[in-house]
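Asker: Using only what follows, build the 3D model:
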Amino acid sequence: MELTGADELIEHLVEFYDRVAPEYDAWAGGLHSRVAAKLVDVAAPRRGDAVLDVGCGTGLVTHLLARAVGAKGSVIGIDLSARMLDLARPRALPNTKFMAMAAEHMVFRDRSFDLITYGQSLPYLVDPVASLEEAVRLLRSGGRVALSLHRRSLQTDAQDLFYKVLGDLAIRHHMRVPEHSPERSVFGERENLALSLIHIS
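Answerer: Presented below is the predicted three-dimensional model:
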């Protein structure tokens, strides 16, 4: 079966994150941990909330959410990287579950969550708007979405390195690595995110 561009991108992204999972939390002097803590602070989870963390990775945001909602709350973290989830599960509190799942096709019932978080994950999804549409479907009345996003161009040395590593992984697959479309470079800017939210309202 021939893979589509989206399938190829998913395959290479998953392999990339599986490969870097052990070092991910320590990147940039622990920047990911600090951003996770700020996101949870801004999201202001309440005791007893049902929370979904989309693109949870190693669980940096998920674990903080779990402590915040307490034993009567619940948190589910989803990601496509099995290695990231393997690292997240041993630190999970009893009110936490981790699941392998695509952010664009979440298998939960309508109105299942009080809060949905995206910790730096939204611009890297194959279809960010589809995932936000899913988030709207899954939110209860009065529910909230909280996101942390890069507010800068993704056309950086770090992004070039990201695709170089993906390219190295792709050699043995004999595949082309599809890069994100240009609008991803400013996806986190306020005006562009507003357009996405208007689209799903």
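Asker: CA only for contacts and neighbour counts going forward, please
Answerer: Fine.
Asker: Leaving out chain neighbours, which residue sits closest to the most centrally placed residue in the chain?
Answerer: In the chain, the residue lying closest to the centroid (Cα atoms, centre = their mean) is G55, at 2.3 Å. Of all residues not flanking G55 in the chain, D79 sits nearest, at 4.7 Å (Cα to Cα, 6 or more residues apart in numbering).
Asker: Quick check: the residue nearest to the centre of the chain vs I78, distance?
Answerer: 6 Å (Cα to Cα, to the nearest Å).
Asker: list residues touching both of these two?
Answerer: A103 (Cα atoms under 8 Å, 6 or more residues apart in numbering).
Asker: re the thing from before, correct me, but the residue nearest to G55 touches G57?
Answerer: Yes: with contact defined as Cα atoms under 8 Å, D79 reaches G57; the gap is 6.1 Å.
Asker: Just want to know which of those two has more residues nearby.
Answerer: When neighbours are counted by other Cα atoms under 10 Å, D79 and G57 differ, and G57 comes out ahead with 29 against 23.
Asker: quick one: the more buried one is in a strand?
Answerer: No: applying DSSP: H, G, I helix; E, B strand; the rest coil, one finds G57 to be coil, outside a strand.
Asker: Quick check on it: phi, psi?
Answerer: When read as degrees, to the nearest 10, the backbone of G57 gives phi 60, psi -130.
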